[in-house]
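[1] using only what follows, build the 3D model:
(chains A, B, C and D)
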There are 2 protein chains.
Amino acid sequence: MKIENTKAQMRKGVLEYCILLVLDGKPLYASDIIESLKAAKMIVVEGTLYPLLTRLKNDGLLAYRWEESTQGPPRKYYELTDTGRTFLGELEGSWTELVMAVDKIKSNKA
Amino acid sequence: MKIENTKAQMRKGVLEYCILLVLDGKPLYASDIIESLKAAKMIVVEGTLYPLLTRLKNDGLLAYRWEESTQGPPRKYYELTDTGRTFLGELEGSWTELVMAVDKIKSNKA
DNA sequence: TATTAGTACCATGCAACACATAGTACCATA
DNA sequence: TATGGTACTATGTGTTGCATGGTACTAATA
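    Numbers count the residues shown, from 1 in each chain, chains lettered A, B, ... in the order given. Sure, this is the predicted structure:
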């Protein structure tokens, strides 16, 4: 229904920010990232995450290395590049501006 | 550049919310809406606003009436419908969830 | 009356991203 | 060899903000 669609629209641009935030610490692979986001009630599934990780890697914001697993296929561990860390700072600024703009509109009405 | 593009992506879904917020008071016409958003540092131009107002009206969230002006062409004054007011409440919830999710991710990292 | 400037509004195509779907591949186990 | 679990890949769709080019109304001026 319409609110679900609008929620998806609201996540545009923000999901990227969240992923860079989650990776601003130690390297993680996709399942870890999904769990971290889930813990924050940002529900994302693999079909959304993998293409986004690929895009961020292609944009130079993330790098990955393969790591063997004792429990299944090898895993791609992602981490921020220097470029990614810089861009994360810019996203931080953009997000803060957006939130403040919305707060200001809220407080200005009757 | 890329951050400008991401800012535009972040506004997806949020701009609709802001417009309904601004109109949750007294009826306004396009130029008033632009000024209110501008005061909150949400910069929007006519080419963005008119199509969005039309879409919201077509979705049943807004209604308008023409009003003569003493200084130029007649103006469309927009206001929320009952449906629009209800949907605004849902948007409020969605936005709050998103902001809280981002805050949680921020506070969870190292 | 005709023209011009200012103001208000409209139509449309493009770019970008979240998402869903269908698929492949690796590893452990039977 | 076959199967289940896990990890990852490829791709097309739908939606919205945006830019661009346009029309129309009104007041002022010539």
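[2] report pLDDT for residue A:109.
    Residue A:109 carries a pLDDT value of 68.
[3] contact residues of chain A facing DNA strand C?
    Proximity of chain A to DNA strand C, by C-beta under 7 Å from any atom of the strand, involves residues A:7-8, A:11-16, A:44-48, A:51-52, A:55, A:68-74. In short, each C-beta sits where N, CA and C put it, glycine included.
[4] what residues of stretch A:56-63 count as buried?
    A:56-57, A:61-63 (16 or more other C-beta atoms under 10 Å in any protein chain shown).
[5] which SSE is residue A:50 in?
    helix A:46-58 (DSSP states H and E).
[6] ok, and what's touching that helix?
    A:15-16, A:19-20, A:30, A:33-34, A:62-64, A:76, A:78, A:84 (C-beta atoms under 8 Å, 6 or more residues apart in numbering or on different chains).
[7] average pLDDT for it?
    So the average pLDDT for helix A:46-58 ends up being 96.
[8] does that helix reach DNA strand D?
    Yes. Shown here: helix A:46-58 in contact with DNA strand D (C-beta under 7 Å from any atom of the strand) through A:46-47, A:50-51, A:53-54.
[9] which of those sits closest to chain B?
    residue A:51 (15.0 Å; C-beta to the nearest C-beta).
[10] and the gap between the closest one and residue B:32?
    Residue A:51 is 41 Å from residue B:32, where distance means C-beta to C-beta, to the nearest Å.
[11] of the two, who's got more company?
    Neighbour count, other C-beta atoms under 10 Å in any protein chain shown: between residue A:51 and residue B:32, residue B:32 has more, with 16 against 10.
[12] what are the buried residues along stretch A:95-110?
    Result for stretch A:95-110 [16+ other C-beta under 10 Å]: buried residues A:95, A:98-99, A:101-102, A:104-106.
[13] output those of these also counted as contacts of DNA strand D.
    Counting by C-beta under 7 Å from any atom of the strand, nothing from these sits close to DNA strand D.
[14] count the neighbours of the nearest residue to residue A:31 once chain neighbours are set aside for me.
    Once flanking residues are discounted, residue A:31 sits nearest to residue A:75: 7.9 Å by C-beta to C-beta, 6 or more residues apart in numbering or on different chains. By other C-beta under 10 Å, the residues close to residue A:75 number 18.
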